[in-house]
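**Student:** whatever this is, show me its structure:
(one chain, ligands or ions: 1)
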Amino acid sequence: MDEPSRPLHVALLQMNIKAGDPDANFRRLGELLEEAVAGDPKPDIVMFPEMWNTGYALDRIEELADPQGKRTLALLGEYARKHQVHLLAGSIAERRDDGVYNTAYVLDRAGAVRASYSKIHLFRLMEEEKHLQAGDRPGTLELDGIAAGMMICYDIRFPELARRLALGGARMLFVPAEWPNPRLHHWRTLLTARAIENQMYVIACNRTGTSGATSFFGHSMIIDPWGEVVAEAGEAETVLRAVVDPALTEEVRGRIPVFEDRRPALY
Ligand SMILES: O=C(O)CCC(=O)C(=O)O
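**Tutor:** Numbering: from 1, shown residues only. This is a model prediction of the structure:
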């Protein structure tokens, strides 16, 4: 049975991903995960970045993607059970019968898959639409009695999706990403705006390092429902930790009743 809603310890694996080398990425993820669960207190939720299994090796993505996520889910199910943590397992390149999807999985402490979400908005600047299939439904989940939503990277440029998740009851928004230079300003501003306008936590895990000519700035962030940055990483590979208190969402929503004051009939 789910525990009652209480503050949660989260740990974000800001990882350097090797494009086109799933074996190396599985190894590195395992090391960072061990580092995360060795922390005191042990995290309730460990989160990973976007496409952490393959990186953006899009020209070989058919061959590299994990068929039905089987390798990922077998390994992560074992990790989750062994360490008794929830895994917001970033997203992976997942091969299905009709193509490759950029899919985020959520596993609970028992290692069971609780939710999945495939990225809805494909990022044309990186030609995702030529190699990936788009998801067709928003990502919702519930962990320890707390309703939350998921968006992947480029999705945060679409405020209507975050609002839809908030209206559906989400009190936290998880955002795995591979957000590159030079758009740190956009990353910080958009994440902060999604937190303030929806009065919910935004928990965003970006990758770091380089992939060909593209470099990634890290700056994984946890932003509270008032828009304050609770924790922010620099550029280095790291485990970023913070405590999130879902009760703060109610307090902030009570302070400025944005959801009651909406006039959707007019716009
Ligand atoms: O929107 C952006 O600037 C970055 C998005 C992106 O890199 C992605 O969705 O993979």
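**Student:** can you tell me the closest non-neighbouring residue to residue 48?
**Tutor:** residue 90 (3.1 Å; Cβ to Cβ, 6 or more residues apart in numbering). C-betas here are computed from N, CA, C, even on glycine.
**Student:** tell me which element that neighbour falls in.
**Tutor:** Per DSSP states H and E: residue 90 is located in strand 86-96.
**Student:** C-alpha coordinates for that strand, PDB please?
**Tutor:** Output in PDB follows, covering the C-alpha atoms of strand 86-96 (Å, rounded to 0.1, in the frame of the first residue of the first chain):
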ATOM      1  CA  HIS A  86      11.600   4.400  -6.800                       C
ATOM      2  CA  LEU A  87      13.200   5.000 -10.100                       C
ATOM      3  CA  LEU A  88      12.100   7.800 -12.400                       C
ATOM      4  CA  ALA A  89      14.200   6.100 -15.000                       C
ATOM      5  CA  GLY A  90      14.800   9.100 -17.300                       C
ATOM      6  CA  SER A  91      14.000   8.100 -20.800                       C
ATOM      7  CA  ILE A  92      15.500   5.500 -23.000                       C
ATOM      8  CA  ALA A  93      15.500   4.800 -26.700                       C
ATOM      9  CA  GLU A  94      13.000   2.000 -26.900                       C
ATOM     10  CA  ARG A  95      12.400  -0.100 -30.000                       C
ATOM     11  CA  ARG A  96       8.800  -1.200 -30.700                       C
END
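**Student:** do that strand and the ligand meet?
**Tutor:** No: shown here: strand 86-96 not in contact with the ligand (Cβ under 6 Å from any ligand atom), separated by at least 9.8 Å.
**Student:** can you list the strands that that strand pairs with?
**Tutor:** Paired with strand 86-96 in the same sheet, following DSSP bridges, are strand 45-47 (parallel), strand 66-67 (parallel), strand 99-107 (antiparallel).
**Student:** do you know which of these lies nearest the ligand?
**Tutor:** strand 99-107 (8.2 Å; Cβ to the nearest ligand atom).
**Student:** thank you kindly, that will do.
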